[in-house]
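Q: here are the coordinates; sequence isn't available:
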């Protein structure tokens, strides 16, 4: 029987890697073989992880998303998540260095209207929020980004 | 048998009727209309910041309705130790709000310092049973309260799982004195995805351990030849899950029941409609003419 920490390390390595269908033989061998399509099943978990974290970044940087467009923002956010996974069980403060990451993000050089000045963000001063499809209460209170369900926002 | 199970004798029990999730979009309307609800459930992780507005709303909600704190980040199934800082933040919130119900998940989300923010599958073995029991006992000790643990929704089964999931849940509760939060949508989703019978799963759960029930909607996706149910909490509760709910409460009696809707959250009256449907089922299960399952 595989030690639990090895199973969890293998899952974490797969989930932290950028979105894509590849699942190592090692990780596949840890799953019940009678269930078909191990790669597609594991992809649900990876999509969940990335969608939730990209959504959190969208909520923290709405102006940037409007500026660069949804597709580019999502692409940059996915790259950021893969190299800077969260270190806290709350998402408060996640994305603190996303602005700095964007400034150094290589694809930006082909995007002519991207500003050269530091991108401002409010992430350091308020909690990470998650925008629901319905507007939040008029006082401006908004919900932070955790829920124990799959987010229906396919990233890949 | 557990030696000490923290009690909350000063907090009245939650009525065995429906509650909803506390969404900021609904707060103003909830406070104005004050519909009859058994409780309001929130994720404590959303209230661990210093910001004012979330707490201002929660304090007013707490004056009207019993609160349920449903955590997502404790990672009870992690091979490493629990996050002591997270436990401390939980304790601070418990002391401030004295929620009537406290719950977490049989799952894991953290490896070392990396938090993956999803509820990941745990192999059910003697070793992981002991691990989860240790973590549940530690959480109950630090919070000074009994917790409930929820069954997860799953899309895959680890090869090393040797204990049936329902038996694992019952054994955790028996050994630690914690209770069970029975998510009936999760049972249906997991059963469909992993090829087991949801009714056989539910039959293995001792009713007296169940202290809360969750009901939610799910989506169906097709990926190649594979059809999967996705636990997205983004739609009304489906008929199959309502059937399982009615059968379960006919057997064990009604319980506080959450209508869990977190994606594409509708207007408040829609949530209240689902809650009313759960209440109607609960009332019927208490009727002297109710059929015995």
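A: Right, received. Where do you want to start? Computed from a predicted structure; not experimentally measured.

Q: now residue B:260: how far from residue B:73?
A: 17 Å (CB to CB, to the nearest Å). (Each C-beta comes from the backbone N, C-alpha and C, glycine too.)

Q: Tell me the predicted confidence for the residue found closest to residue B:121 once you drop the neighbours it is linked to in the chain.
A: Closest residue to residue B:121 apart from its sequence neighbours, by CB to CB, 6 or more residues apart in numbering or on different chains: residue B:154 at 5.1 Å. As predicted, residue B:154 sits at a pLDDT of 97.

Q: what's the neighbour count on residue B:251?
A: Using other CB atoms under 10 Å in any protein chain shown, the number of residues around residue B:251 comes to 14.

Q: And it, what's its pLDDT?
A: Listed pLDDT for residue B:251 reads 97.

Q: Confirm that residue B:246 sits in a helix.
A: Yes - assessed with DSSP: H, G, I helix; E, B strand; the rest coil, residue B:246 lies in a helix.

Q: For the closest residue to chain B within chain A, grab the count of nearby residues.
A: In chain A, the residue that lies nearest chain B is residue A:89 (2.8 Å; CB to the nearest CB). By other CB under 10 Å, the residues close to residue A:89 number 24.

Q: what ranges do the strands span in the stretch 51-200 of chain B?
A: Applying DSSP state E, counting those that start in this stretch to the stretch 51-200 of chain B gives strands spanning B:67-70, B:101-105, B:108-111, B:114-120, B:148-150, B:179-183.

Q: Quick check: which of those strands is nearest to residue A:49?
A: strand B:114-120 (5.0 Å; CB to CB).

Q: So which bits of that closest one are buried?
A: Neighbour-count burial for strand B:114-120, counted by 16 or more other CB atoms under 10 Å in any protein chain shown, picks out B:115, B:116, B:117, B:118, B:119, B:120.

Q: can you tell me which of the residues you listed are up against chain A?
A: Contacts with chain A are made by B:115, B:116, B:117, B:118, B:119, B:120 out of these, judged by CB under 8 Å from any CB of the partner chain.

Q: Residue A:14 is in contact with the second one, correct?
A: No - taking CB atoms under 8 Å as the contact criterion, residue B:116 and residue A:14 are not neighbours in contact, 10.4 Å apart.

Q: show me where pLDDT drops low in the chain?
A: All of this refers to chain A. Low-confidence segments of chain A (pLDDT under 70): A:107-156.

Q: that's the other chain; I wanted chain B
A: Low-confidence segments of chain B, defined by pLDDT under 70, are located at B:1-9, B:289-293.

Q: And the residue of it that's closest to chain A?
A: Closest point on chain B to chain A, by CB to the nearest CB, is residue B:73, at 2.8 Å.

Q: Count the neighbours of the residue lying closest to residue B:244 once chain neighbours are set aside for me.
A: Distances taken as CB to CB, 6+ apart place residue B:184 nearest to residue B:244, at 5.1 Å, with adjacent residues excluded. Residue B:184 has 26 neighbours, counted by other CB under 10 Å.

Q: Residue B:283 now?
A: Residue B:283: 12 neighbours (other CB under 10 Å).

Q: now do residue B:100
A: Applying other CB under 10 Å, we find 22 other residues in the vicinity of residue B:100.

Q: So it sits against residue B:39, correct?
A: Yes - contact status for residue B:100 versus residue B:39: in contact at 6.3 Å, counting by CB under 8 Å.

Q: distance between the ends of stretch A:64-78?
A: One end of stretch A:64-78 sits 15 Å from the other (CA to CA, to the nearest Å).

Q: how about that stretch: buried residues?
A: By neighbour count on 16+ other CB under 10 Å, the buried set for stretch A:64-78 is A:64, A:65, A:68, A:72, A:73, A:74, A:75, A:76, A:77, A:78.

Q: After whichever helix or strand the fourth one is part of, heading C-terminal, what element do we hit next?
A: According to DSSP states H and E, residue A:72 maps onto helix A:70-83. For helix A:70-83, the following helix or strand on the C-terminal side (DSSP H and E) is helix A:98-103.

Q: For residue B:100 and residue B:39, list the residues in contact with both.
A: Counting by CB atoms under 8 Å, 6 or more residues apart in numbering or on different chains, the shared contacts of residue B:100 and residue B:39 are B:14, B:66, B:67, B:68.

Q: Quick check: the farthest pair among these?
A: Across these, the longest distance by CB to CB is 9.4 Å; it joins B:14 and B:67.

Q: what about residue 40, how many neighbours?
A: Chain wasn't specified; assuming chain A. 19.

Q: Actually, chain B is the one I wanted.
A: Using other CB under 10 Å, residue B:40 has 23 neighbouring residues.

Q: mind checking the SS state of residue A:50?
A: helix.

Q: Residue 22: neighbour count?
A: Picked chain A for this. Using other CB under 10 Å, residue A:22 is surrounded by 9 other residues.

Q: The chain in question should be chain B.
A: 24.

Q: Would you enumerate the residues in contact with it?
A: Applying CB under 8 Å, 6+ apart, we find residue B:22 in contact with B:30, B:40, B:41, B:42, B:57, B:58, B:61.

Q: would you list those residues in a markdown table and tack on distance to residue A:52?
A: Output for the contacts of residue B:22, formatted as a markdown table (distance: CB to CB, whole Å):
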| residue | distance to residue A:52 |
| --- | --- |
| B:30 | 26 |
| B:40 | 23 |
| B:41 | 19 |
| B:42 | 17 |
| B:57 | 23 |
| B:58 | 22 |
| B:61 | 25 |
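
Q: Please go through the residues you listed and note which also touch chain A.
A: Of those, the ones that also sit near chain A (CB under 8 Å from any CB) are residue B:57.
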